[in-house]
Each structure stands twice: as C-alpha cells, then as structure tokens.
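> turn this into a model:
(chains A and B)
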Amino acid sequence: MSGRRFPFVPRLYSAALRLLPPSVRREDVDEMVLTFAELWADAAMRGRRLVVAARTFGRLPAAIALEWLDVLGMSKTKTTGGWEMRAWGRNLRLAVRTLRKSAAFAGTVVFLIGLGVGAVTTIFTLVDHVLLRPLPYPAADRLVTVLNGSHSGVLFRAFEELDGVEEWVAGNSADANLTGEGDPIRIQQAVVTDGFFALFGGRPEIGRLLVTDDFEATDVVVLSHALWQTIFAAADDVVGRTIRIDGVPHAVVGVLAEDFEPPQSIVAATVDVWSPIDWHREEMTEPGYRMLEVAGRLAVGTSQAEVQAQLDALTVHMGELYPDEMLNREGEPDPMPLAGLQDATVQRVRTGLNLLFGAVGLLLLVACLNVAHLVLARGLGRVREMAVRRALGAGPGGLIQQLMAENLVLGAAGGLLGLGFAYGGLQAFMSLNPDVLPRSGVGLDLRLAIFAIGMSGATAILFGLFPALQTVGKDLTRGLKGTSRNATGGKGTSRLRGLLVVAEVAISLVLVAEAGLLLKSFAQVQTHQAGFETRGVWTIPLTPTGLETPEAYREAMDQIVVSLKSLPGIQSATYGLTQPFEFTGGGRCCWSQSRVEVEGEEHEGLRLMLQPVTDTYFETLRVPLLAGSTWSATTETERPVPAVLSERLAVELFGSAALAMDRVIGAPDRLQLHVVGVAADVRHYGLDQEYPTSAYVPISVVPFTIPKAHMAVRIRGEAPEGLARTLREAVWRASPEMPVPSVRSMEEWVHDSVSGRRFDSALFSAFGLIALVLAAAGLYGTLLYNVRQQGRELGIRIALGAARSRVEWDVVIAGLRMAGLGALFGLVGAGWVGSFMESRLFGVDSTDPTVLLGSALVLLLAAALASWLPARRAGRTDPLEALKAE
Amino acid sequence: MDVQDHLPLAPRDLMILAVLAEGALHGYGLIKAVEDRSRSGVLLDPANLYRVLRRMSGLGWIRETDGDAPRRRTYEIAPHGSAVLGAELARLEHLLAQARPAVANG
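Residues are numbered from 1 along each chain as shown, chains lettered A, B, ... in the order given. Below is the predicted model of the structure:
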C-alpha cells in the first residue's frame, strides 16, 4: 500500500480500511485499495463520483463491523465463541436495530463524538508527529546541537576535539540559482561536512552520497529526490552529468533517497542540492565568520552535562584566544548551551501546539458533555422499558450490557466519522499553514486511528455508563406504575443535568474568550499603518549570484531597473537589499550595527538597521520625507556616506528630525553616516513589530556581493492584466539567466505578514463558535426537557390564572441562572488559560476586560436565546391538554 | 457439503458466480461487469466484495488464478462453484416456470 501515491479520496478509503481486523488487512486490503482507486478513476471520468462515494463509503461501516464479528466469532454464520461473547454479539446487533429506530438521536451523538474526536485527533497527530516522535535519524536520542547562533569553522574544529562526542557534523543552506535546465530556477543548496549523511542516516537512491575525496574538489552535488523527479524527470543517467549552480559547473554524483528528512536545525526544510563544504575557503579559518549550524552524536554513556562542562571551558578559552570575535559587548564570552537536537528543532512550535491541543481537548469535553446530556435524556425516557424488562426477568447486568452495546456502537461510528474529520482537518491544516511545522510528512497512521477509536470508545463508555446506571437502577415499582411524570428521574438527575450545562457553558466561555483575545490582537495589528502607500507597489525579489564584484552587482541591478522603468505604466522603480514586509514575524535581514556612536558618544541598547536602497526608493514607495532630502547620483559617493534616518532613529539619537539634520553617526574608523534627510517611520518588519531604527544608505556602499536584491516598482492606476508576466520579462530582457521566482504586490506581502495571526484567529474562532453552539444546544435541550416534564404543573399554574409571560420568564430565568453560574467559572478559567497565550497576543492583555466580559455577554445572549425557545413552549401550554394527558 | 445446502444464493453471490463463469476477473473488473448488468440491481463495493470473495474461496467455489493483469489478484470459478451456480439457476428456472403462468394468464 505504501509507495504508490493515490489521490485524496482513495487514500481516505485506504485509511478507513485500516479499521478492518488485522487478518483481513493482511490478506485483502491492498487489493481493496487498488480496486477502489480504479473504481474512483472511472467514476471521476464519468462524473459519478458522488454516487460511487456514497455507495462505497456508505457500505464500509457494515463491512468492517461484519469482519470484526467474524473474527471475534460472534457472527451468525459461525458457532464458535462462548455464550458471553455471543451475548455481546446479540446485544450489538440489537443495539444497531434499536439505534436505527431513533436515527435523529443516534445521528446527533455520532456527529458530536465525531466532531470532538476528529478535532482532537487532528491536533494530536501534529503534536505526536512534531513533539513526541523521535527524529528519523539513527540514535536520535544521542544527537545534540550547540545553541546560540551559528558557529565558525574554527569553533567547529574545536568542537571536534571534545571528549564524549562520537562525531560532529556541520552545514548550512542558502538560495542558489540553477541554470541551463529549462527556465532558470531558484533552489536551496546545502553545504555539509564529511559524515553528515552517515550521522543522519541518508541513503542514495541512485549513484552515491558524498565521500571524503569530494571535500578536496567540492564541485560535486547530490540531488534531492524531489529535484531529481521534477527537473530531471527521474532519469537514471543524471549521475555523471554536469549542472550549473550559480554559474559554476558541478558534477552530479548521486540522488538522495526519498525518505530522507533534512535536519531542520541545520539546513532548510527542503534542500534541493547537497554539496561538500569547502574547507579551503579563507573564511573558514576566520573566527568571526559564523555560518555553520552543528550537530553531534554523544558517545554511549556520555551525559549532556559532561559535554556541557567542556563547552563552558571552551567558551572561556575561545574568549581569550579571539577577544574581538568571541566576546560580547560586556566583554563576556557568549555561552554555548548544548541541547538535544529534538528539543532544539521543535522548540519554536511547542507552546503553540500545546495550546491548540488544550483548546481541542476542551472542545472534545464540551462535545462529550453534550453526548452525556443526550444519553441521559434518552435513558430517562426508557425507564419504563427497562422496568418492564426487569420485571420480565432480565438481570440488571444484561440490561447494562445492552445499553453499553448501544454506546459502543455509537462510539465506534463516531470514531469512524472522527477519523474522516481528522483526515480532512489535517489536509486543511497543512494547506492553510504549511510552513509552521519543523517536521515534514505529517499524516494519519494506524496508531492515530487507534487513538481516535479508543478515545471515542472511552468517551461513549464513560459518558454513557453513568446514564445507563441511572436508567437501570431506577426503582422497579415506581418505574412500572409508570406515568411519564414519574419517570423524570429524581432530584439527583436534574441536578446532574444542571451541572453538565454549567460545565459546558464554562468551557465554552474559555474557548470563546481565547478566540476573542486572538481576534482583538488581529484587529489591533490591522490598525497599524505600513507607513507608506502600499497600493500600486509591486516587488520582485531576486538572487543575483555569480557576480564577482560589488560594481558588477550594481551594474546588473541598475540595468534591470532601467528595463523595468521603460515599461509603460511604470511610474518609478527602485531596489534595495530588502523591501518592507519581506522579513516578518521576528526575522531580520541583513545588515545592522549594534555599536552606535555619535560624535564619540556611544548609544547603549540601540541597533542600527542599515537599509541599502537606491535614490528612487522614497519616491517609489512614497515614504514621506520629514526633513531634508535623499541623496543623488552625484552626492552618493561622498564620504561620510549620505544617509536618510527613520524618524524613530532620528528622535532616539538626536531628539527630533530637525535636530538630526547634518549630523554624523559612527566612529571615524568605521562606516560613518552623514544625515541628509529624515523619512517617516515604516513598519519594515511587519505590522505587529515596532518601528525599526533604520538608516537608509545608498546601495553603492554595500561592501560585499550579497546575492540579494529586491526590486520595487510603482504602477500608475490599476494593475493591468498580466502585469507579473510583463515585469518578469522585463527582468529577463536585462538579465536572461536570472530566476524570477515571484512577482508580488506589496499588498500581498502585507497580507501574508499577518497570515499567522489570521490563521490563529480563524481556528480559535471556529473552536469558540462550535463550543458556543454546543453549549447553547445543551441548555436548550435541558430546558425543553424540563418544560415537557413539567407540562402538568405548568398547566395547573396557567389554569389557576398565572400570567403566561410569568411562566415564560421563569424558564428563561432558570436557563440564565445556569448560564450565569457557568460564565462565572468560565471567566476564572479564561483568565487562567489566557496567561498561557500571552506570547501570541498583540496590544491586548490576557485579562482584557472588554474581551472577557464581551465573551460572557455573547454566551449569555446565546443562553437567553436557547432558553427563550423552550420558554415560549412553556407559555403556550394548554391547561386542558396538559391535565388531560395524565 | 451438498450443493443444495447453499441454495438459495443471495443475488450478490449469484451475480458474482455468473460473471466469473464467463471468464476470470480481478476485483475492479468484477465490479464493473456486475455493474454493466445494472438491471440486476446488484452493486458492489470493494470492502464487501473481498469479504464475499474470501468466503467463496473458503467454500471452494472460486479460486485465484494467474490472470493477465500482473500483480493483481484474479479469480476464476472452480468446478464446485459451477455446480452451485448451475443448481441455483436450475432452481430459479424451475421456480419461474411454476410462477410465470400466473401472470401470463392474467
């Protein structure tokens, strides 16, 4: 079954088939899946998908149940198995028949269990895959990494001298351009040390991986399986071919096997080509050139603490050897904490996933409470049936067994549905938010199916057992005397039902309040202005590699700008090292100074973000200049370098924009800036970030050929049809080999920069809404039930002259009292849970009174509505009818 | 076990045997062949089909064979299956012959 990829629906079918008994699975599942896939392809061709899906999936539960009955020896056709098992079999069949008769009840319960179990399974799959499952490498529990940024080649060599570590490897990855294979494309190239693939258990699909000799020449590559398939059409003769990466020929020596998962704490999540690291490069001996991410495997029996102690000593030693590079501003060596590779990899998402897991757990609880309601209500309606059967000689054990059989059937069906929901949920989650997870290949598997089924079974039994005991344990004679009034159950039951409602409301409030906090954060972020006119700006990020000198880089980029500008409808064009909203969510690029000196005086705690741009930047983005003006082609070569400060930097350094004019920043021996203008603040790093302390400098001062340039153009009026294509072709006219991976409007960048928050709020809003509806439904059901049971009492009251409005009001009050009590508990819970999500909030306190009280109000309104409907029914009680019914 | 003990056959079993009597088929082919006789009212789905096939194999009515489709399991009817099919058809024909005059004579 593995290996071949099927479309979504056949995979769903295949997932569902895992519920079959193991013996059947071994024998027939592969054939079933293949047959289904063919059937499905045929159905798709003839437009009969709905019919075929209904037929095949609809008959699946029956087939699965029958197979299990066979295996357990409970089916009619076989006579094996003890009488107890047969009793279970009979009870299960009876349960299916009974439940069929009350399809609405069964459907609701199955749906509720399915919903809750589906949500929990979805998130648990993520939690399990990302947090719990060991990394897919040999001896994964002994793999460690050194935190606190990247490391230099010098330091790596020092790591290799440490005792107790069997092997150290290092690497990093960066964008590169692949040319000569169709359109030029941008790829991820990783460079790694010898032993990398051995440590992480990489295997070649064809050819070989890197060997020690490769580290002498270094112009060889190993292709990823994906690149091999997409670009090289999985051709076997790719080994031995030469491909051009950043213009440099590399010999292909092999292709990595498909199942290799790149270690994401070292390289990017998807790496296209792997090359040996070049130890001969001069930078590798510079202690300040920190470009390597490292991992090591501890020797058996060595503890992290032992290695940590050596690292601490090494830290001090390195600080003495290289004070300039290895000491921080306080003159202290930066610590180098050792951490398990797994912890280091998943740290980023741990709280987020745990939070989600907590939220769906609450959702499941609300769904379960509702199930308990329904089962309880149904049970109360059957007290008489049970009493009759007991009078006829059925033992309580048998009756409970029968009730539990019903619950089991409900649970199993709910679990099946939940599995379907989980499958869809995972697909949706991965397609909405594919970049959030530090592990790839998330999918449902057998363990999770068992988890889901087990959980729904537990749900059904736990929340069904108590009602079953209540139902069966009722006093025999009272049950038999049998008016419906007598069968309402005593005070205990109604109190239990009340408690369930209170709990539901409380939990729902927690979820609604969480959603509220996230929504308000999202709204707060949206109120922030970008600081320039985003409308009409389109940008083109480029990776110009292979340009040897800064001059060549600038010349090539200038030509692209000229080509872009020559297009009709383009008002102006510019480029910079980065553009606003390119790096968001805490990311920073590319050039900054932590030592800021003005006229001999150092400014503590300020980081100068240098933004190299061309002189048309402010005009193109329409960033208002508050004072002075930008540099020109003639003045940009002056020294000190002419610079335009952001308003925030000007104010922090000099007090105001006007005071900043003409001042000089920086020590004489370093980059010195001469302030020629002050520009309005721009939210360069995202709407939810503070204004950066930026200094815009001419791009010609960039002293290195960093392979990055981000073009921006301003268009007149609306974007014409096919603008992206036009812009792309304009780039290619000036630079035919340049990959143009994307052309996007600035509005898209802004939109994307808040997509994480949008996703969060949407997800939690959905949870909150579901919980709200469930709580309201629970309240509604309880009150309606009470009203029905009190029909006679209400009739008497109305007959005696009680105002109908008074009767209605009493019901509403009863509902609101339960909801109010629940809301009170919920508020406390929401405040507590909110404190766990403070890191995800923006401009909102976790105990924000508007949000908390607002959520409570929403809940009480829903409760009022849910109470009003039964109340109206109570008010309309016809006294005659009610009394006659007795 | 005597052939008669298995009669009457369920319509589904009858159709499967009837289709296999015309030639060996794999699962998908079987479903399609039965579907093509759509007026038979029998529609199959993979999960139930293989359940039935397993039972029939166990009873010795059908058996696996090396079909033309590589790596797919192909079934053909076994002599015992042919006997059961023949007996069932004879039973049905006999039944029809008995019942039809009632309608024909109005």
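> ok but A:Pro739 is inside a helix, no?
No. Counting by DSSP: H, G, I helix; E, B strand; the rest coil, A:Pro739 is not found in a helix; it is coil.
> per-residue pLDDT of it, please?
Here the pLDDT value assigned to A:Pro739 is 80.
> my guess is B:Gly81 contacts B:Arg55. True?
No. B:Gly81 lies out of contact with B:Arg55 (CB atoms under 8 Å); the separation is 11.8 Å. (Glycine included, C-beta is placed from N, CA and C.)
> more neighbours: the two, which one.
Comparing B:Gly81 with B:Arg55 by other CB atoms under 10 Å in any protein chain shown, the one with more neighbours is B:Gly81, at 23 against 14.
> how near is that one to A:Arg97?
Distance from B:Gly81 to A:Arg97, counting by CB to CB, to the nearest Å: 33 Å.
> repeat that for A:Leu39.
Relative to A:Arg97, and taking CB to CB, A:Leu39 is found at 31 Å.
> what about these two, which has more around it?
Legend: neighbour count by other CB under 10 Å for A:Leu39 and A:Arg97, higher for A:Leu39 (24 against 9).
> quick check, that one in contact with A:Val52.
Yes. If you go by CB under 8 Å, A:Leu39 and A:Val52 touch, sitting 6.2 Å apart.
> how far does stretch A:240-247 sit from its chain's centre?
Mean-position distance between stretch A:240-247 and its chain equals 36 Å (CA atoms, centre = their mean, to the nearest Å).
> contacting residues around that stretch?
A:176-181, A:187, A:189, A:221, A:249-252, A:273, A:275, A:545-546, A:707, A:737 (CB atoms under 8 Å, 6 or more residues apart in numbering or on different chains).
> what's the span of it from first residue to last?
18 Å (CA to CA, to the nearest Å).
> give the buried residues for that stretch.
Going by neighbour count (16 or more other CB atoms under 10 Å in any protein chain shown), the buried part of stretch A:240-247 is A:Ile243, A:Arg244, A:Ile245, A:Asp246.
> restrict stretch B:23-38 to CA atoms and write it as PDB.
What follows is stretch B:23-38, C-alpha atoms only, in PDB (Å, rounded to 0.1, in the frame of the first residue of the first chain):
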ATOM      1  CA  GLY B  23     -14.100 -15.700 -17.500                       C
ATOM      2  CA  ALA B  24     -11.500 -14.800 -14.900                       C
ATOM      3  CA  LEU B  25     -11.600 -11.300 -13.500                       C
ATOM      4  CA  HIS B  26      -9.900  -9.200 -10.800                       C
ATOM      5  CA  GLY B  27     -11.800  -7.000  -8.300                       C
ATOM      6  CA  TYR B  28     -12.400  -4.000 -10.400                       C
ATOM      7  CA  GLY B  29     -13.300  -6.000 -13.400                       C
ATOM      8  CA  LEU B  30     -15.800  -7.900 -11.400                       C
ATOM      9  CA  ILE B  31     -17.400  -4.800 -10.000                       C
ATOM     10  CA  LYS B  32     -17.700  -3.300 -13.500                       C
ATOM     11  CA  ALA B  33     -19.000  -6.500 -15.000                       C
ATOM     12  CA  VAL B  34     -21.700  -6.800 -12.400                       C
ATOM     13  CA  GLU B  35     -22.500  -3.100 -12.800                       C
ATOM     14  CA  ASP B  36     -22.900  -3.500 -16.500                       C
ATOM     15  CA  ARG B  37     -25.700  -5.800 -15.800                       C
ATOM     16  CA  SER B  38     -27.200  -2.900 -13.900                       C
END
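> that one close to chain A?
Yes. Residues of stretch B:23-38 contacting chain A under CB under 8 Å from any CB of the partner chain: B:His26, B:Gly27, B:Tyr28, B:Ile31, B:Lys32.
> sweet, I'm off.
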